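Peer 1: One predicted model, sequence on top.
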Amino acid sequence: MTATAPATVRVLARAKLPTRHGVFDAVCFSGADDVEHLALSMRTPPAVPPSDEPPLIRVHSECLTGEALGSQRCDCGPQLDTALALIAEEGRGMVLYLRGHEGRGIGLAQKIRAYALQEAGLDTVEANLELGEPVDRRSYGPAAAYLRQIGVEQVRLLTNNPDKVAALRAAGIGIAEVHAMPAAPLPANEAYLATKTQKMGHRGLRPGEEPLSYSAD
Ligand SMILES: Nc1nc2c(ncn2[C@@H]2O[C@H](COP(=O)(O)OP(=O)(O)OP(=O)(O)O)[C@@H](O)[C@H]2O)c(=O)[nH]1
Ligand SMILES: [Zn+2]
């Protein structure tokens, strides 16, 4: 029997990425999964005194329909935009954009099949199960390995998902604080957001609520 190889991260390419929120450093990396992920970061300029606070980090799952196409079935597009805006506002932090996470890790075709089942009355959790899939198949290992490799051991995490907090912590990342993300409710995603809260334990802010942060301990 061979020993398990240590989690390795390979940096594949890097360049500046100007966005409407400002200029991010883009690093394409792959982990043990051999998938090309992207880290988008901002760092405090040398002239500014360094902060003691851990950086604001968003570990974000790819969603073609929500992010590129503006689908209103989910809130992935507004969440990604909010994360980039919050990091730009602080002037430091990182979005780890995880590819291969489409449909909570079941892939695009299965996600579209899950949508068809939701049209027939199932909720997002029931639809995955009906397809013979787990409710959530994602691994956050590559994100955790990348953070560890660049020396980030403590983070302030932007998420509403308690499983993501637990998974990153199990992978060796200290979560100093969790910052809930504002929800972007629309008629088309009302049931989806409600199921995430009721069945998946997600937090989330209602419109008009002040951004909330709480200790993860
Ligand atoms: N299987 C499935 N996946 C979905 C559905 N709607 C969105 N997704 C995927 O769900 C992933 C995002 O998960 P969410 O549950 O919205 O959010 P999260 O990442 O768990 O938690 P946050 O950090 O709070 O955003 C993306 O990969 C989407 O493609 C759906 O109805 N079915
Ligand atoms: Zn989505």
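Peer 2: Now that the structure is in, tell me what you want to look at. What you see is a predicted model, and the numbers here were worked out from it, not measured in a lab. Ligands and ions are numbered 1, 2, ... in the order given.
Peer 1: where does the residue nearest the centre of the chain land in three-state SS?
Peer 2: The residue lying closest to the centre of the chain (Cα atoms, centre = their mean) is residue 60, at 1.9 Å. Assigned by DSSP: H, G, I helix; E, B strand; the rest coil, the conformation of residue 60 is strand.
Peer 1: And the pLDDT for it?
Peer 2: Reading off the confidence values, residue 60 has pLDDT 98.
Peer 1: Please identify the buried residues of the longest helix seen in the chain?
Peer 2: The longest helix of the chain (DSSP state H) is helix 76-90. Residues of helix 76-90 classed as buried: 76, 77, 78, 79, 80, 82, 83, 84, 86, 87, 88 (neighbour count, 16 or more other Cβ atoms under 10 Å). Just so you know, the C-beta spots here come from the backbone N, C-alpha and C atoms, and that holds for glycine as well.
Peer 1: re earlier: quick check: bridge partners of the residue nearest to the centre of the chain?
Peer 2: Counting by DSSP bridges, residue 60 is bridged to residue 97.
Peer 1: same check, this time on residue 23
Peer 2: For residue 23, the beta-bridge assignment (DSSP bridges) gives partners residue 18.
Peer 1: if we can go back for a sec, when you check ligand 1, which of the buried residues of helix 76-90 turn up near it?
Peer 2: 76, 79 (Cβ under 6 Å from any ligand atom).
Peer 1: can you put the buried residues of helix 76-90 in CSV and add distance to residue 145?
Peer 2: Shown next, in CSV, are those (distance: Cβ to Cβ, whole Å):
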residue, distance to residue 145
76, 23
77, 27
78, 28
79, 23
80, 22
82, 25
83, 20
84, 22
86, 24
87, 21
88, 25
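Peer 1: Could you list which of the buried residues of helix 76-90 also contact ligand 2?
Peer 2: Contacts with ligand 2 are made by residue 76 out of the buried residues of helix 76-90, judged by Cβ under 5 Å from the ion.
Peer 1: hang on, the earlier thing: return the residues in contact with the residue nearest to the centre of the chain.
Peer 2: By Cβ atoms under 8 Å, 6 or more residues apart in numbering, the contact list for residue 60 reads 76, 79, 80, 83, 95, 96, 97, 98.
Peer 1: Correct me if wrong: the fifth one contacts residue 88.
Peer 2: Put plainly, it is residue 95. No: the pair residue 95 / residue 88 is not scored as a contact, 10.4 Å apart, by Cβ atoms under 8 Å.
Peer 1: Make sure I have this right: residue 39 is in a helix.
Peer 2: No: if the criterion is three-state DSSP, then residue 39 is strand and not within a helix.
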